[in-house]
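In: when you get a sec, could you give me coordinates for this:
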Amino acid sequence: PRQWGACWLACHLWEQLGLGGFWSQRLPPSRKGTRWDWVLLVLAVYRFIEPGSEWRLYRHWFEHSALADLLGASQELAEIHKLYHVHDRVLNFKRELFTHLTGRWKDLFNARFEVLLYDLTSTYFESHPPFPEGDKRRHGHSRDKRPDCVQVVIALIVTPEGFPLAYEVLAGNTSDRTTLAEFLKKIEEQYGKAERIWIMDRGVPTEEVLQQMRAVDPPVQYLVGTPRGRLTQYEKKLLELPWQEVRDGVSVKLLTQDKELYVLARSKDRVCKERAMRRRQLKGLCQRLKELQQMDIKDDKRDELLKKLGAALHEYPAGARLFKTAVDPQKPRLTFSLRKDVLRQMRKREGRYLLRSNVTGRSAQELWNFYIQLTQVEEAFKNLKQDLALRPIHHQLEERIKAHIFISFLAYCLHVTLHRQLRDLAPGLTPRAVLEKFATIQMLDVHLPTTDQRTVILSRYTQPESDVQMLLERLKLVLPPQPPPKITSPKPSVSPAL
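Out: Purely as a prediction, here's the structure:
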């Protein structure tokens, strides 16, 4: 048996996005007849359904899937050298693909691209330096908590519905603050000037870039998170303003200042979360400081106490701001005290965050609703890394690393298209759950011998179960007819030995 249902659904999404025609024009067959567009489809579908290595695809997955049946191809389509060589052929069409996909999503879902969510993540490698000069694999701030591995940084722009507009692969030691200006230029060059609102986290834009966004004509609109230090600057003015409830447990204040709007948000759930985190840090560090205080350390081992204190403060960074610590200059004796003024200020700001924008004509509620949509780009990164298994990357050549991320991007496009359809037609189901349901439809080969020594081969997919049939109806999908039978030639007769 071969897995048929999920493969058919993935191919249906591929054609729905017009990717079959797009790639057939740009990846023509080789002189030996290799359909490079089909090889790319196999890699993207594999990444979408059951992601893994190219070697596993070649040795196991392809022959246990029905992709060859659906494409009318042979098992040679997934030869290992073809799977690797297609990586060298796709990157030149990245920009054209972005334009094509935005057009398809507009046609299919009436997608809008006026609000753009921008964020960055990193992905690591199971490979080690040294690398050629200029290679993007570098050590840097690891969002995967793997500082021991080299990495690249991925910058991604998505809409509030999760549709990706563009992405870029950057060096692993790239600072978030240095990326935005170049992206603004690329989006304007590709899609033209338009009234867009850029939504970003507080670590992305610099004051200089925000000034440039305000200075152009027309101004580029933005909504960004703001470091809490700026809250001190406007705290007195904000205290005079009334709270406006935007939803249960969330209130906001709106302050106009220097041609910008500041939105102070307060969330009860976030208060509880941050308070629990602060208490855990406070309790853990206090307990550790008491242990260090009671340790019996020899007078000539003062440096040992300093090392242990440094390790404790590093383990509890939030708690470290709440304590004043000192070690006697002559003896290994530790003293510490709680900084009550800092604790009071921290308690006052728990659950509160400040937003900053140059968007006019919008209420505080609308701006807050825009900002919480940043969870969509975080969801996109989560799907790329977990559901589509972007990491770790085992490729050794930089161009193939970029191509691996490109193919993962194609798989994510299939994922987000299915997710958008489910939102309207089958809410509550995830793309992964739907793929698991469709995977129950298998393909079997029935061999029927004939009287003239030939064999009739009937390739048949199994009938869907009742829940899958219901899902097909909700998604307005119709399964194709069963494949036509194949007849093998008669076996050659063996002459009796003389």
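
In: for Met346, what are its contacts?
Out: Arg278, Arg321, Leu322 (CB atoms under 8 Å, 6 or more residues apart in numbering). Any C-beta I mention is one placed from the backbone N, CA and C, and that applies to glycine too.

In: how much space between the first one and Ala78?
Out: Using CB to CB, to the nearest Å, we find Arg278 at a distance of 53 Å from Ala78.

In: who has more neighbours out of those two?
Out: Ala78 (24 against 18; other CB atoms under 10 Å).

In: kindly check the end-to-end length of stretch 233-245 for me.
Out: 24 Å (CA to CA, to the nearest Å).

In: now it: buried residues?
Out: For stretch 233-245, burial by neighbour count (16 or more other CB atoms under 10 Å) applies to Tyr234, Leu238.

In: what average pLDDT does it get?
Out: Mean per-residue pLDDT for stretch 233-245: 85.

In: same check, this time on stretch 324-337
Out: Confidence over stretch 324-337 (mean pLDDT, whole number) is 89.

In: and that stretch, what's buried?
Out: Buried residues in stretch 324-337, counted by 16+ other CB under 10 Å: Thr325, Val327, Pro332, Leu334, Phe336.

In: CA-only coordinates of that stretch in PDB, if you can.
Out: C-alpha atoms of stretch 324-337 as PDB (Å, rounded to 0.1, in the frame of the first residue of the first chain):
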ATOM      1  CA  LYS A 324      21.800  44.700  46.200                       C
ATOM      2  CA  THR A 325      24.700  42.300  46.800                       C
ATOM      3  CA  ALA A 326      28.200  43.000  48.200                       C
ATOM      4  CA  VAL A 327      31.200  40.900  49.200                       C
ATOM      5  CA  ASP A 328      33.500  42.000  51.900                       C
ATOM      6  CA  PRO A 329      36.800  43.200  50.300                       C
ATOM      7  CA  GLN A 330      38.900  41.300  52.900                       C
ATOM      8  CA  LYS A 331      36.800  38.200  53.700                       C
ATOM      9  CA  PRO A 332      34.500  35.800  51.700                       C
ATOM     10  CA  ARG A 333      31.400  37.200  53.400                       C
ATOM     11  CA  LEU A 334      28.300  38.000  51.400                       C
ATOM     12  CA  THR A 335      25.600  40.500  52.300                       C
ATOM     13  CA  PHE A 336      22.500  41.300  50.400                       C
ATOM     14  CA  SER A 337      19.300  43.300  50.700                       C
END
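
In: now the helices for the stretch 301-450 of the chain?
Out: 302-315, 317-320, 340-349, 364-372, 375-382, 398-425, 431-438 (DSSP state H, counting those that start in this stretch).

In: the longest one to helix 375-382, inter-axis angle?
Out: Counting by axes from the mean of the first three to the mean of the last three CA atoms, to 10 degrees, helix 398-425 lies at 130 degrees to helix 375-382.

In: which among the contacts of Met346 gets closest to Val416?
Out: Arg278 (36.5 Å; CB to CB).

In: secondary structure element for that closest one?
Out: Applying DSSP states H and E as the criterion places Arg278 in helix 268-294.
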